[in-house]
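In: from the sequence below, what's the structure:
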Amino acid sequence: MDIFISAISQGILWGLLSLGVFISFRILNIADMTTEGTFPLGAAICMTAISRGVSPLLATILAICGGVLAGLVTGFLITTCRIPSLLAGILTMTGLLSINLRVMGRPNLTLLDKDTIFTPATQLVLPHHYDTILVGVFGVSLLIYLMFVFFKTELGQGLIATGDNPKMATSFGISTKKMTLLGLMLSNGIVALAGAIISQHNGYADVNSGLGVIVIALAAIIIGEVLFSKVSFLERLICTVYGSIIYRILLVGVLKLQVIEANDFKLVSAILIALFLTMPHLRKKGQKGGV
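Out: A predicted model of the protein is given here:
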């Protein structure tokens, strides 16, 4: 049971990452590879700041700012330099590898006897992993609320319109360039936030920690959409976090069956995404066959 509670706590924390990727992937319709560089960037900035005596909260805010700047670079490459979005993300991600090394000064950085945002929760003497769940639920709930409020505003609606139909958005006087920049900045800021929080939970940052994180985020988004279809926008955000939790539980379940090893997680992730992407098509096929 303890391992499943751990999977739930991890799923909630990784839900932050999924919510960040949701903006670029579902709102803007951009497969933003910057994510794999922004995630370790957030971890690198946060861990370096905490190790130098900065408070965990301020270190986390600095990490968000770093992610926003990374998103700005990718947005600039797309909107001004006219570089295809996929290539622009890869270019920024590649550049961030060197920046992350410069920020930390080494390939990995470990926190020893330093407070993190989880420290107050650990002092509550909760059962194992429940302190993580408490902090995770608070962080995810706050983020979902802020995202919901933002996307109800005129600016947020302009961002949605840009992703849905850029030509129509332009005809309504919306600057799609600015909206693309804003969306990528918000997305990568949240991704960096996830990197900062998860690194604080793990107690270390690593320059290679971003490898494959976009697959994890996409898995959560797709699982949430397939299992919880026909929901409102707010419910979609919540279901994205549910998808992250379900994804973690599925991985733990497969691992418990001792069919795979821990090194096979990325392969299993790819298979799960392929299966969940195929399910809507199979449902439609089944409905047509039954008619």
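In: ok, which stretches of the protein are helices?
Out: If DSSP state H is used as the criterion, the helices of the chain fall at 2-22, 35-51, 56-79, 85-104, 119-122, 130-150, 154-164, 166-171, 176-202, 213-227, 233-256, 265-290.
In: make a markdown table from those and add mean neighbour count to it.
Out: Just so you know, the C-beta spots here come from the backbone N, C-alpha and C atoms, and that holds for glycine as well. What follows is the helices of the chain, written out as a markdown table (neighbours: other Cβ atoms under 10 Å):
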| stretch | mean neighbour count |
| --- | --- |
| helix 2-22 | 22 |
| helix 35-51 | 29 |
| helix 56-79 | 22 |
| helix 85-104 | 19 |
| helix 119-122 | 14 |
| helix 130-150 | 17 |
| helix 154-164 | 17 |
| helix 166-171 | 13 |
| helix 176-202 | 25 |
| helix 213-227 | 23 |
| helix 233-256 | 19 |
| helix 265-290 | 13 |
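In: low-confidence ranges in the stretch 1-150 of the chain?
Out: Along the stretch 1-150 of the chain, the parts satisfying pLDDT under 70 run over 1.
In: ok, residue 206 - contacts?
Out: Neighbouring residues of residue 206 by Cβ atoms under 8 Å, 6 or more residues apart in numbering: 40, 43, 107-108.
In: hmm, 7 Å instead?
Out: Applying Cβ atoms under 7 Å, 6 or more residues apart in numbering to residue 206 gives the contacts 40, 107-108.
In: also residue 77?
Out: 83, 88, 91-92.
In: how about those, which pair is most distant?
Out: The largest separation in these, counting by Cβ to Cβ, is between 83 and 92 at 10.0 Å.
In: separation between residue 81 and residue 165?
Out: Distance, residue 81 to residue 165, by Cβ to Cβ, to the nearest Å: 23 Å.
In: ok, those two, which is more surrounded?
Out: Counted by other Cβ atoms under 10 Å, residue 81 and residue 165 do not tie: residue 165 has more neighbours, with 13 against 9.
In: can you give me phi and psi for that one?
Out: Main-chain torsions, residue 165, degrees, to the nearest 10: phi -160, psi 90.
In: list the contacts for the nearest residue to residue 181 once chain neighbours are set aside?
Out: What sits nearest to residue 181 in space, not counting adjacent residues and going by Cβ to Cβ, 6 or more residues apart in numbering, is residue 75, at 3.8 Å. By Cβ under 7 Å, 6+ apart, the residues touching residue 75 are 180-181, 184-185.
In: and which of those residues is nearest to residue 142?
Out: Residue 142 lies nearest to residue 185 out of those, by Cβ to Cβ, at 18.9 Å.
In: ok, the closest residue in space to that closest one that isn't next to it in sequence to residue 83 distance?
Out: Residue nearest to residue 185 in three dimensions, not counting chain neighbours: residue 71, with 4.0 Å by Cβ to Cβ, 6+ apart. For residue 71, the distance to residue 83 (Cβ to Cβ) stands at 15 Å.
In: residue 124 now?
Out: 48 Å.
In: cool, residue 146 as well?
Out: Residue 146 is 30 Å from residue 83, by Cβ to Cβ.
In: mind checking pLDDT for residue 196?
Out: Looking at residue 196, its pLDDT is 96.
In: before we move on, what about the one 10 residues further on?
Out: The predicted structure scores residue 206 at 93 on the pLDDT scale.
In: what's across from it in the sheet?
Out: On the basis of DSSP bridges, residue 206 is bridged to residue 108.
In: residue 90 contacts residue 35, correct?
Out: No - proximity of residue 90 to residue 35 does not meet the contact threshold set by Cβ atoms under 7 Å, at 11.0 Å.
In: what's near enough to touch residue 200?
Out: Residue 200 sits next to 46, 56, 116-118 when contact means Cβ under 7 Å, 6+ apart.
In: dump these to TSV, plus distance to residue 194.
Out: Listed next are these as TSV, based on distance: Cβ to Cβ, whole Å:
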residue	distance to residue 194
46	11
56	15
116	15
117	13
118	14
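In: which pair in those spans the largest distance?
Out: Spatial extent of these (Cβ to Cβ) is set by the pair 46 and 118 at 12.4 Å.
In: what is in contact with residue 90 and residue 35 at once?
Out: Counting by Cβ under 7 Å, 6+ apart, nothing touches both residue 90 and residue 35.
In: on that earlier part again, OK, contacts around the residue nearest to residue 185?
Out: 34, 184-185, 187-189.
In: can you tell me which of the residues you listed lies nearest to residue 244?
Out: Proximity of the contacts of residue 71 to residue 244 (Cβ to Cβ) peaks at residue 187, which lies at 15.9 Å.
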